[in-house]
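Participant: what's the 3D shape of this:
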Amino acid sequence: MTTRGAFMTMLRKFAYLETAERRLLVRTLFLLVVIRFALRVAPFRVLRSLIPHPAAALNGPPTEALLRGVLRAARCIPACSCLERAIALHILLARTGQRSRLTIGFQRGTSARRGHAWVECAGQTFFDDGGPPHYAPAFSIGGLSADT
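Facilitator: As a prediction, the model looks like this:
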């Protein structure tokens, strides 16, 4: 398929989405672009300080809709990394008042320093890709409950 054909297919799919899904996709796409830029120009500790804490409970989209939005938007960005996707989902969850934990870990039992990022929320792990059992957590951002 040509680049033009792929673009037209993407536009058709966008047109078939409901208004709320389109709005979420555009917001998430913008968020991913900002995250990618920030990861390249600012130290991670600065980016970490900009990640919001969970807001008061809001009536936002459910977790599954936010996850779908991140996955759809990530397909529009070349080589979107697990870190970019995980930060975006963590921010969107915080904006809707849902507590989550963003974890960055490194592969166990190998000399190669291969990293991975995933999000935990409400007993589910997102973007795990074989993550938690195969990766040793290096650090986490956010907490799942008041005592974590």
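
Participant: show me where this structure has helices.
Facilitator: Secondary structure of the chain (DSSP state H): helices at 3-16, 19-41, 44-50, 63-75, 82-95, 131-134.

Participant: of all the ones you listed, which lies closest to residue 123?
Facilitator: Checking those against residue 123 by C-beta to C-beta gives helix 63-75 as the closest, at 10.7 Å. All C-beta spots, glycine's among them, are computed from the backbone N, C-alpha and C.

Participant: returning to what we had before: most tightly packed of the helices of the chain?
Facilitator: helix 82-95 (a mean of 23; mean count of other C-beta atoms under 10 Å).

Participant: now the helices of the chain in a markdown table, with mean pLDDT?
Facilitator: A markdown table is the format used below for those (pLDDT from 0 to 100):
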| stretch | mean pLDDT |
| --- | --- |
| helix 3-16 | 66 |
| helix 19-41 | 91 |
| helix 44-50 | 81 |
| helix 63-75 | 93 |
| helix 82-95 | 93 |
| helix 131-134 | 62 |
